[in-house]
Every structure is written in C-alpha cells, then in structure tokens.
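# Just a sequence and a predicted model for now, questions to come.
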Amino acid sequence: MEMKKRISLELRNRAPEEVTELVVDNCLCVNVEIEGQNDTFKELEFLSVANVALSSLTQPPSLNKLQKLERSDNAISGGLEVLAEKRPHLMYLNLSGNKIKDLSTVEALQNLRKWKSLDFFHGEITNLEDYQESIFELLQQIMYLDGYDQEDNEAPDSEEEEDEDDEDEAGLPEGQKEEEEEDGDEDEEEDEAGSELGEEEVGLSYLMKEETQDEEDDDDYVEEGEEEEEEEDDAWLTPRPCSLEFPGVQ
C-alpha cells in the first residue's frame, strides 16, 4: 500500500492536528521521505514508520510534541542531526535494523536532552567493540540502550503507562485528591480498629477459656472430695465380725 493512502486510512476522518498516534509500517515509500506527512500533525506523540525502505531522515516535518519514534528495519545510515532540531521532546528512538555504522554518526543525538531510550538492536553499529559502553559514554542522557540500562537491568515494559499514571494523578483536582487521601486515612483507621477489636476478642476468649477450665478443675476437686467422704461413711456402716468372752463360761 502506498504511504499517502495508508496515512489517509489512519486518519479515519479526523483532521491531522487531532491525531496523536500514527502507524504506517510496511508501506511503499516512493521517495526517501515520508509522503503525506507534514507539519499539520502538530499533536502527534507517537510515530511508527518501520520497514518502508527509508534511507534518510533529511528534512522531516516539525513535530514538536513527538515523544516516541519507531524507524526500525529501514536503510538509514545518517542524517540524525535533524532529530534534535525537529524532535526536541523525543524520549524514545528505535533505529534497530538500520545501516548506521559509526559512533560519529550518533554524536548528533547528544542534543536530545529529554531522551530516555535508544535501540540499535540488529543494526550494524552493534558490531563495534565495546558498543554498549561507548554509546552510554557518548549519550549520557539516555537510560536504556537496546532495552537495558548500564547495570544490565531490563527497561519497564511500558514507559507510556507509567507516564499516564503520573499524569492522571497530577491532573486530579485538589478537592478530589483530598477526598481520596481522607478515604485512605479512614480505611487505615478502620483496619487498625478492626485489628484492636480482634486482639480484644482473642484476649476475652482466652480469659473465658481459663475461667471455664478453673471451674472444671473445681468441680473435679469437689467430686473427688465427695467420693472420699462417701467411702468413709460406707466404712463406718459396714458390719464387722466380733467375739464376746464371759469369764467362767466355757
């Protein structure tokens, strides 16, 4: 499918300035530039142009709000300097599977100050000796390279979700924030009260159990005493053989 036609379909009857995400992967790119994309996509935050045989980044449209750019599996070998000028808020760049070979080509990306993540996976530059160490040293602002940080810890699955959660929390009205905090405090107080009540119930149950045990012990003691008294009474009542002797009587 041609690029212009694909972009037209992706718009879905929306004006370009209303679009925040645009995916035009696997399209036929006639020229070295992306046809049909221009400065009217001023609200665009995510753009994916993978596997379209793109060979250059020369003179892309200004997308000042773009944060995530996917250009993997193309034939890009240079021209990265335009990204700092045209993509000032870029945070994530995927150039994996391209033809970038030298660190000197990557130096142009030092001017991207908000940058967090870069992917060169399966690109020719990954064949350089000490590739990862060199990139982290050259681009000190990035946190993740090919999905891992300098300590070899894997990047979060979705940085966008984390950002959205922060934005949602920050965007709550002050009154609603206070209500949620008060609700949270009330829940904690109820939990503490329930815990104390549970401890009191356990204590009462233990005391009642001890009292019941003492009563049972007293009953056993009384029954044993009664049995001993009955045995003594029976001993007095039991007839005993006796013999009478009278002097002079034989």
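Perfect, I can see it now.
# got the contact list for the nearest residue to Gln141 once chain neighbours are set aside?
Once flanking residues are discounted, Gln141 sits nearest to Trp115: 5.1 Å by Cβ to Cβ, 6 or more residues apart in numbering. Just so you know, the C-beta spots here come from the backbone N, C-alpha and C atoms, and that holds for glycine as well. Residues near Trp115 by Cβ atoms under 8 Å, 6 or more residues apart in numbering: 90-93, 109, 139, 141-142.
# now those: which count as buried?
90-93, 109, 139, 142 (16 or more other Cβ atoms under 10 Å).
# still on that earlier bit, Arg6 versus the residue nearest to Gln141, what's the distance?
Trp115 is 28 Å from Arg6, where distance means Cβ to Cβ, to the nearest Å.
# excluding its backbone neighbours, what's nearest Leu57?
Gly79 (4.2 Å).
# which residues are in contact with stretch 81-91?
57-69, 93, 108-109, 111-112, 114-117, 159.
# Out of these, list just those in strands.
68-69, 93, 117 (DSSP state E).
# of those, closest to Cys29?
Taking Cβ to Cβ as the measure, Cys29 lies nearest Leu69 of the ones in strands among the contacts of stretch 81-91, at 15.6 Å.
# Mind pulling up the pLDDT for that closest one?
In the predicted model, Leu69 carries a pLDDT score of 92.
# List the residues that contact it.
47-48, 83, 87, 90, 92-94.
# Asp130 now?
Contacts of Asp130 by Cβ under 8 Å, 6+ apart: none found.
# how close does it get to Asn26?
For Asp130, the distance to Asn26 - Cβ to Cβ - is 34 Å.
# what's the answer for Lys86, then?
Lys86 is 24 Å from Asn26, by Cβ to Cβ.
# same check, this time on Val49
Distance from Val49 to Asn26, counting by Cβ to Cβ: 10 Å.
# which one of those two has more residues nearby?
Val49 (23 against 12; other Cβ atoms under 10 Å).
# surely that one meets Lys68?
No: using Cβ atoms under 8 Å as the test, Val49 is too far from Lys68 to be in contact (11.8 Å).
# Could you report the pLDDT at the residue nearest to Leu57?
At Gly79, pLDDT is 86.
# Which residue, neighbours along the chain excluded, lies closest to Leu80?
Ala108 is the one closest to Leu80 (Cβ to Cβ, 6+ apart), at 4.6 Å.
# Tell me the one of the contacts of Trp115 nearest Asp73?
Leu93 (14.1 Å).
# I'd assumed Thr126 was in a strand, is it?
No: under DSSP: H, G, I helix; E, B strand; the rest coil, Thr126 falls outside any strand and is assigned helix.
# Can we start the residue count at 14 from this point?
Let's use 14 as the start, then, which means that last one is Thr139.
# Tell me who's in contact with the residue lying closest to it once chain neighbours are set aside.
Nearest non-adjacent residue to Thr139, counting by Cβ to Cβ, 6+ apart: Phe133, 5.6 Å away. Under the criterion of Cβ under 8 Å, 6+ apart, the neighbours of Phe133 are 108-109, 111, 113, 139, 148, 158-159.
# so where is this protein shaky, pLDDT-wise?
43-51, 71-73, 171-263 (pLDDT under 70).
# Could you pull out the strands in it for me?
Under DSSP E, the chain gives strands at 34-36, 59-61, 81-83, 105-107, 130-132, 157-158.
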